[in-house]
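Q: Here is a sequence together with a model predicted from it:
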Amino acid sequence: MSPRSRKSGTFVEQHRLRDNAQAKAAEQVERIIRKEKLEVVRFSFADQHGVLRGKTLVAAEAVQAMSAGVTMTTTLLAKDTAHRTIFPVFTPGGGFASQEMEGGGDFVMVADPSTFRILPWANKTGWLLCDIYFTNGKPVPYSARARCRDALATLAKAGFDFLAGLEVEFHLFKIEDPRLRPSDATWPPEAPEVSLLTQGYQYLTESRFDMLDPAVEILRRGIEQLGLPLRSIEVELGPSQCEFTFRPLAGLASADAMVLFRAAVKQIARRNGYLASFMCRPALPNVMSSGWHLHQSLVERKGARNAFAFDHADMLSTVGKYYLGGLLAHARAAAAFTTPTINGYKRYRAYSLAPDRAIWARDNRGVMVRVIGQQPGSPATRLENRVGEPAANPYLYVASQIYSGLDGIARRLDPGPSADTPYEVAAPLLPKNLNEALTALRSDEALRTGFGTNFVDYYLHIKAAEFERFQKEAGDERADVTSWEQKEYLDLF
């Protein structure tokens with residue numbers, strides 16, 4: 001299960017994958033596993049879709065695996081959202097730039113001890129988020145978490161740290177039929193049949209919230225026990241739709257929090273007879289689209305000052321304006337990361353409290369990016385990008401923002417005037433479908449340079465295969481959302 005070196009020392013020691021502080025943190029995790037008498041520990045990594053994959057080890061083996069690592073098959077990095085391998089992994093080259101990916105061999109998960117949690121909903125169970133390496137110790141270039149870490153390092157060289165607050169909408173349904181008959185176990189499986197917990201349209205009313213509260217309370221308690229910085233729980237406009245918001249977190253922690261939040265909500269809900277879905281727009285009558293608004297700002301590494309705050313009449317600093325200009329300039333290409341599913345593009349509609357074009361405003365919820373700040377110089381000054389869907393891979397979403405914003409700063413891109421009529425102003429439209437976003441990404445030099453051509457081509461291949469399969473299998477359905485999307489995304493995300 002765990003790779004052993006021919007030389008002395010464990011896998012982590014041989015390849016020097018932890019510094020002294022991380023090594024001490026790992027030892028502390030080992031002590032907690034023994035002290036709390038945990039029975040199992042889950043080792044997980046977020047794949048190319050932001051979906052957690054991993055193995056569960058009994059406690060004695062988990063302690064050893066903290067330094068030895070846990071092996072996984074490289075084919076997990078070659079799968080689409082139906083869990084089908086879409087690279088020819090048994091053909092020389094296999095469509096990968098990395099030779100280590102050939103033949104479906106192993107890679108190694110190495111636990112990040114700073115992510116350790118005890119899961120409150122699972123008996124005597126620990127959890128660790130992992131980074132991934134080939135068996136020769138090289139970082140796996142297709143790791144979304146590593147690509148986000150690279151973006152943060154690039155930002156740090158420019159003199160800034162990244163701060164992000166999460167505002168996430170999702171649906172919470174009651175499961176009526178889990179579809180567990182053998183005939184339902186297709187690939188992908190039939191989506192569960194669900195019913196609503198509330199009717200919709202009574203936005204932010206206490207009566208609707210109270211109807212959801214018995215189910216939401218279970219989720220809230222689990223999220224708080226995990227130590228995630230939960231700020232508010234709100235009832236959204238649509239039926240059975242709610243929103244959780246979180247206090248801002250720095251750097252990689254914001255993306256890690258989103259990964260853990262989604263996994264926790266889905267697991268807790270399922271154990272209690274509910275289905276939590278971060279699919280943007282489920283194929284159910286009358287439901288509304290869900291979004292993921294990413295509140296972001298830069299913090300100056302020297303002085304820890306909010307780099308977006310300005311001391312005069314303008315709310316946004318020069319750096320903030322250029323960063324905003326970058327977000328708008330790369331919006332179409334970055335959509336491949338902010339809105340990575342076919343379903344997510346059903347949300348880009350005029351007059352719907354969702355964006356349909358790359359524009360900004362100071363306080364207008366119809367734009368793509370909203371500038372928020374109570375007054376000039378406010379340390380809370382930030383940009384709220386409203387473009388994302390809640391199924392997005394958090395690491396790629398965050399990295400796409402950083403690379404777009406940095407290009408805006410480097411080229412001093414003017415974001416233009418505030419858009420007071422967001423659905424009428426002349427501006428580049430957001431992609432109408434995933435294929436348009438992939439086409440834009442293919443030719444975006446700033447994102448190619450940031451993520452690396454190797455990773456971008458890999459990602460394009462996976463998402464293009466998903467779109468081609470949709471075109472082939474969805475048929476001539478004229479529904480707003482197809483049954484293909486329901487099977488593909490409702491339970492996965």
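A: Received the coordinates, thanks.

Q: Any idea how many residues pack against R149?
A: Residues lying near R149 (other CB atoms under 10 Å) number 18. Every residue, glycine included, has its C-beta placed from N, CA and C.

Q: hmm, I was thinking of I86
A: 17.

Q: got it, and V287?
A: 20.

Q: same thing with G105?
A: Count around G105 with other CB under 10 Å applied: 15.

Q: what does D210 give?
A: D210 - counted by other CB under 10 Å - has 12 other residues nearby.

Q: Can you classify it by secondary structure?
A: Here D210 is recorded as helix under DSSP: H, G, I helix; E, B strand; the rest coil.

Q: Report the buried residues of stretch 95-111.
A: F96, S98, E100, M101, E102, F107, V108, M109, V110, A111 (16 or more other CB atoms under 10 Å).

Q: Give me the distance from it to the chain's centre.
A: Using CA atoms, centre = their mean, to the nearest Å, the distance from the centre of stretch 95-111 to the centre of the chain it belongs to is 22 Å.

Q: And the helices in the stretch 51-200 of the chain, which stretches?
A: 59-68, 144-157 (DSSP state H, counting those that start in this stretch).

Q: Output the contacting helices and strands for the last one.
A: So that's helix 144-157. Helix 144-157 sits against strand 40-46, strand 125-134, strand 160-177, helix 252-271, helix 394-411, helix 445-451, with contacts defined as 3 or more CB pairs under 8 Å, 6 or more residues apart in numbering; DSSP states H and E.

Q: now the shortest one
A: Other helices and strands packing on helix 59-68, by 3+ CB pairs under 8 Å, 6+ apart, are helix 11-14, helix 20-35, strand 40-46.

Q: Mind putting the helices of the stretch 51-200 of the chain into TSV with mean pLDDT and distance to I342?
A: Converted to TSV, the helices of the stretch 51-200 of the chain look like this (pLDDT from 0 to 100; distance: least, CB to CB, whole Å):
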stretch	mean pLDDT	distance to I342
helix 59-68	96	37
helix 144-157	98	19
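
Q: sorry, back to before: tell me which of the helices and strands packed on helix 144-157 approaches L429 most closely.
A: helix 394-411 (17.2 Å; CB to CB).

Q: Now do the buried residues in the closest one.
A: Going by neighbour count (16+ other CB under 10 Å), the buried part of helix 394-411 is 394-409.

Q: Ok, stretch 45-57 next?
A: 45-57.

Q: Need the distance between the two termini of it.
A: End-to-end distance for stretch 45-57, by CA to CA, to the nearest Å: 14 Å.

Q: what separates that stretch from the chain centre, distance-wise?
A: 12 Å.

Q: closest to W360 among the buried residues of stretch 45-57?
A: For the buried residues of stretch 45-57, the nearest to W360 is G50 (26.2 Å; CB to CB).

Q: coming back round to it: ok, and which of the helices and strands packed on helix 59-68 has the densest surroundings?
A: Burial of the helices and strands packed on helix 59-68 is given as mean neighbour count (mean count of other CB atoms under 10 Å); strand 40-46 ranks first at a mean of 24.
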